[in-house]
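> fold the following and give me the result.
(2 chains)
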Amino acid sequence: MIVSLIETLEYSYINLHAEEVISSNYLNDDNQGIYISSLQFETVNRLFNFLKDSSVQSNNIVLDFKNIQNVQSNIIDKIIEIRDLGNKLILINISEKIIKPLSLKTIENPNNIVNVKGDYDIFYFFSEQESDLYKINIESGNIFYYEFKKRLIKYIDEYRKPHASSFVYLHSFIDLKKFISFETPFIYYALYRLAVKIRDKWEKNLKDEPILVGQSLTSTFIVSVLSKLLKLDILVFDKIGPINKLYNKLEKHNYENKKYIVVSDLVCLGTEVKITKNLIEFSGGKYLGNVSLAKIETLTRDDLNLGSIDRTISIFSITEKNNVELNYYIYTNLKKLNG
Amino acid sequence: MDSIILHISDFHVSLDKKLKDERVNSDSFLRASKEGLSSQYIDKFIQKVKQEFNSKNIYLLVTGDITDCGAELEFNYAKTYLENIITELNIKKECVLLIPGDHDIHRRDIEDFIYSKEDYTKEEINKAKFKNFSAFYEGILGKKFTPNEVIFDTLKIENSFLLLGVNSSYYVDLENTEGKIDVEKFKLELNKKTKDSELKNVICCHHNIASLYEDKNSGQWNKTNRLAFITALESKDIKFIFSGNEHTSGCKKITGDSITISDSGALSSKKDDCAFKIYELENNDSDDIILINHIYGLQKVGNNDDLYYWEKRTNSDAKQPKKFEISIAKPPVLEDEITELVESLPTEDSAVESLNILEIKNSNSDVYYNSEFTDVLYDKVKELNLFHSGHFHWSETSRAHNWIDTSKLIENKDNLSLAKNAIIDVIEKKNFSDQIDLIIGLGYEGNIISSKAAIKFNKDYAFLPYSYRHDEHHKYENELNFDNKSKDYKNVLIITDVVNDGRTIRKLIRKRQDNFFKNVDKVYVVSLFYTGESILNNDILNYDFIKTIPDYDIEKDEEVNNIEFYTVKSLKVEKCPYGDDFRETCLIVKDKLGCVNLFYDESKYIK
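Presented below is the predicted three-dimensional model:
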């Protein structure tokens, strides 16, 4: 299983850190979450076996080394074996620390230029003078965005019914539960990216070990995976119904002086998030923020207060730039004003 | 077969003189010196082996720490002692498996090497550190030692099974002394070296992967690597490890009872227990491969004429098994006999005879137990006060006077990890990971504890709310989403936190998702807890069993008989003794005396 494989017309992309996180935490029994910085032979070997046995469309393979700071000593042999399967390799986000262990200096290509920090943003693992690959802009965020959008569109059904928690109508319903079931193993890569985003956004706050709060059946799956990746405790609000009464009665959870991150699958107008936030704060806890797989941005960027604690962190946004393409819309019963 | 395996370890042949401030090991009987009684010590050992098994063909297994500091002089004397054993006991050199220990590494050679070069690889370090051992190895066996292989040698025992020599000192250096290997490399080498072999494999290494002496589960093995190694062994059906290092003769089972470790003890130690083992191949009429475990210990009497002698220990006193079952030929399939028995009965069978048949089937029970999960989980229940008393109502028919707060258990990330790993352990121990086509996480907690299994086994995954909460969820949340018209999903695994009588599961299968499950052959159900009142076996969630329970309300149940059930821990709760009229008959409910905890919306049912 390779979770981060994304195939475009020009290349196949793989994120090695994501694969290492999967190898270590799920195939072995390590508990380092996404804080691993070493790439192990086992992971690259797993990739080699996958490429050998499968039929990826492109022979151009992009290996993303972002977040990798060390490599096991025999990795380069395996990377060469991947190349020798008939692939052209492009390595991106190579830290200065791993240039030597990867023996990159042996490849002579004038297009391989270090940046000001001494890292390679992009490294062509071949020496040809001419190649169409030199003209392609490769950026992992964009690669992921277009792939997620391409997959998500299959799970947006026409709905035309009221929203469950807010007094608006949904033109379409995004079935993320079905997305999670059908888009494996890609969904694990998506959750990896969400974990990395959370770590980058709240690096200081994560030292206080905030608690991940799940408030729906679908979000509990996300919470379960994020707990492993970020090494955080969890709390489940069961439909904000009877279980909360029970917790209050048995005084099970102590909220005092603890921080909470509310985890959602999809945030539309944020009603359920606000309810959860209020419950946390009323109980004495501190609300850190909200994370979600996907969110709907109903305001412009100017009106969205980017620094606000109420702004959801997600790995995919539906905005005015893509909602038509995705066939997603929210409306009310009010008539439009003339002009 | 007339063969034995002589398992010895930890000679610690030691120099008497070293440089100032360097530790001299005076504990070993075996010295790197002409002075003393080292040769006599070896002679006494040889005499005992001859006395016990004179005419047998001997395979020799030496599991490391042959020297004390890996010095050339220590190896020179070790060679003398070992050659004496080989010659006197008529052991063929091709019947010897010689494994290095962490003490056989020459640390001075490591230092010299790293001071001689700017850059170096792990492989170069290994060559340097094993230089003296390699010369010793080649001198004794006439073949080269390969320091960068994990499985560096194999020894076939009577064409019956294979001893694999594993170099657990692969990563030992100036700072690290723990056992550790490159597990991926191990798997590759194992595939290569045993690809045409049907023989069972036994691991032979120096470091102990569990402790007999220390109060430490992971022994002298790197903790993380240990888990990966054990997983690899289980996946390759390797059930035995012969090792040394701890200077404690003993046996231990790990991962439940799936892997057995046999430590020979140290051959030479003045203060620790001196021991060795002889595994005798049992002569039997079947194809079973069984080793009889003979244990010998040194009695240090301190007598002027006789300082010590070797004597045989009784296995029961030594708390060690008498036999190791390396391979057992498969017995006849029991279910076929029972099926024939059922078919031969006349159709007018009485209910009693039917019950007897069910009892016969149920007595062939298959229950999961692993102390690392079962007992630890129970300890967590007690430690966190998760077992509550009161009135707990989950539906109109599901009511009890106890409740296990699994939600509280899994709030903590380490406990959550334990729960996930327990579920995985059940699946692996019961060997159905390859068969399952779909995993379903049932309920909030079931969904949470299933995620690791779904990823690890790379299976299609879905999650559903509990049946009794069905109406409280959005219709999209109640959808299974997978279609089974073309019968792609023959075997389904349902994972949940708690199962009582299984009514919820049967309702899910037969009522809520009948369209899907009607094309499913087998449903595996795995839970953290079983809280019902039946004696645990894997049949107790099936309708035909449930209907035999006295006073069980079978009318509101669903007929499902293809469930195979396992739980990590059985912990009975007291069921509500009242019937459908509980609102009138239970004083607590009727008079609203408090402590009634509702897990569902009862307003729909109250007139």
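
> which parts of the stretch 501-607 of chain B are strands?
For the stretch 501-607 of chain B, applying DSSP state E, counting those that start in this stretch gives strands covering B:522-530, B:563-570, B:596-598.

> what's around whichever residue of the stretch 151-300 of chain A sits closest to chain B, how many residues?
As assessed by CB to the nearest CB, chain B sits closest to A:S224 within the stretch 151-300 of chain A, at 4.1 Å. To be clear about C-beta, it is placed using only N, CA and C from the backbone, and glycine gets the same treatment. Here the number of neighbours of A:S224 (other CB atoms under 10 Å in any protein chain shown) works out to 29.

> near chain A, which residues of the stretch 151-300 of chain B show up?
Residues of the stretch 151-300 of chain B lying near chain A by CB under 8 Å from any CB of the partner chain: B:182-185, B:188, B:224, B:227-228, B:231.

> quick check: buried residues in the helix or strand that contains B:E234?
Following DSSP states H and E, one finds B:E234 within helix B:223-235. Within helix B:223-235, the residues that count as buried by 16 or more other CB atoms under 10 Å in any protein chain shown are B:224-234.

> now the residues you listed in CSV, with distance to A:E96 and pLDDT?
Formatted as CSV, the buried residues of helix B:223-235 follow (distance: CB to CB, whole Å; pLDDT from 0 to 100):
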residue, distance to A:E96, pLDDT
B:T224, 28, 85
B:N225, 29, 90
B:R226, 34, 91
B:L227, 33, 88
B:A228, 30, 89
B:F229, 34, 92
B:I230, 37, 91
B:T231, 35, 88
B:A232, 34, 90
B:L233, 39, 92
B:E234, 41, 88
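
> outside of stretch B:280-290, which residues touch it?
Residues outside stretch B:280-290 that contact it (CB atoms under 8 Å, 6 or more residues apart in numbering or on different chains) are B:1-5, B:53, B:56, B:157-158, B:160-161, B:200, B:291-292, B:294, B:323-329.

> repeat the analysis, applying 6 Å as the threshold.
Applying CB atoms under 6 Å, 6 or more residues apart in numbering or on different chains, the contact partners of stretch B:280-290 are B:1, B:3-4, B:160-161, B:292, B:323, B:325-329.

> distance between the ends of stretch B:146-161?
23 Å (CA to CA, to the nearest Å).

> how far does it sit from its chain's centre?
With CA atoms, centre = their mean, to the nearest Å as the basis, stretch B:146-161 stands 23 Å off its chain's centre.

> any chance you could list what contacts that stretch?
B:1, B:3, B:59, B:97, B:123, B:126-127, B:130, B:162-167, B:181-182, B:185-186, B:189, B:193, B:199-200, B:289, B:326.

> all strands of the stretch 51-200 of chain A, in order?
So, for the stretch 51-200 of chain A - with DSSP E, counting those that start in this stretch - the strands run A:60-64, A:70-71, A:88-94, A:120-124, A:156-162, A:169-174.

> pull the contacting residues for the spatially most central residue of chain A.
Central residue of chain A (CA atoms, centre = their mean): A:R193, 2.2 Å from the mean position. The contact partners of A:R193, by CB under 6 Å, 6+ apart, come to A:I315.

> hmm, 10 Å instead?
A:4, A:15, A:18, A:34, A:140-141, A:144, A:148, A:293, A:315-316 (CB atoms under 10 Å, 6 or more residues apart in numbering or on different chains).

> JSON lines for those residues, including distance to B:D317 and pLDDT?
As requested, the contacts of A:R193 are exported to JSON lines (distance: CB to CB, whole Å; pLDDT from 0 to 100):
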{"residue": "A:S4", "distance to B:D317": "57", "pLDDT": "95"}
{"residue": "A:N15", "distance to B:D317": "58", "pLDDT": "97"}
{"residue": "A:A18", "distance to B:D317": "55", "pLDDT": "96"}
{"residue": "A:I34", "distance to B:D317": "52", "pLDDT": "93"}
{"residue": "A:S140", "distance to B:D317": "64", "pLDDT": "90"}
{"residue": "A:G141", "distance to B:D317": "68", "pLDDT": "91"}
{"residue": "A:F144", "distance to B:D317": "64", "pLDDT": "95"}
{"residue": "A:F148", "distance to B:D317": "66", "pLDDT": "95"}
{"residue": "A:L293", "distance to B:D317": "61", "pLDDT": "95"}
{"residue": "A:I315", "distance to B:D317": "63", "pLDDT": "94"}
{"residue": "A:F316", "distance to B:D317": "67", "pLDDT": "93"}
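
> residue nearest the middle of chain B, spatially speaking?
Short answer for chain B (CA atoms, centre = their mean): B:T255, at 2.1 Å.

> touching, it and B:T231? I think so.
Yes: assessed by CB atoms under 10 Å, B:T255 is found in contact with B:T231 at 9.0 Å.

> what about the chain, any weak spots by pLDDT?
Answering for chain A, as no chain was given. Within chain A, the ranges that satisfy pLDDT under 70 run A:238-252, A:306-307, A:339.

> the chain in question should be chain B.
B:1, B:285-286, B:330-365, B:470-472, B:607.

> how is it carved up into domains?
Structural domains annotated on chain B: B:3-327, B:338-363, B:374-604, as defined by automatic domain parsing.

> neighbours around B:K459, how many?
B:K459 has 17 nearby residues by other CB under 10 Å.

> so what's residue 71 up against?
No chain specified, so I'll use chain A. With CB under 10 Å, 6+ apart, A:V71 has these contacts: A:16, A:20, A:38-41, A:44, A:65, A:79, A:95, A:97-98, A:100-102.

> hmm, no, I was thinking of chain B.
Contacts of B:A71 by CB under 10 Å, 6+ apart are B:13-15, B:18, B:32, B:77, B:106-109, B:132.

> can you name the two of the contacts of A:V71 that sit furthest apart?
A:E20 and A:K100 (19.5 Å; CB to CB).
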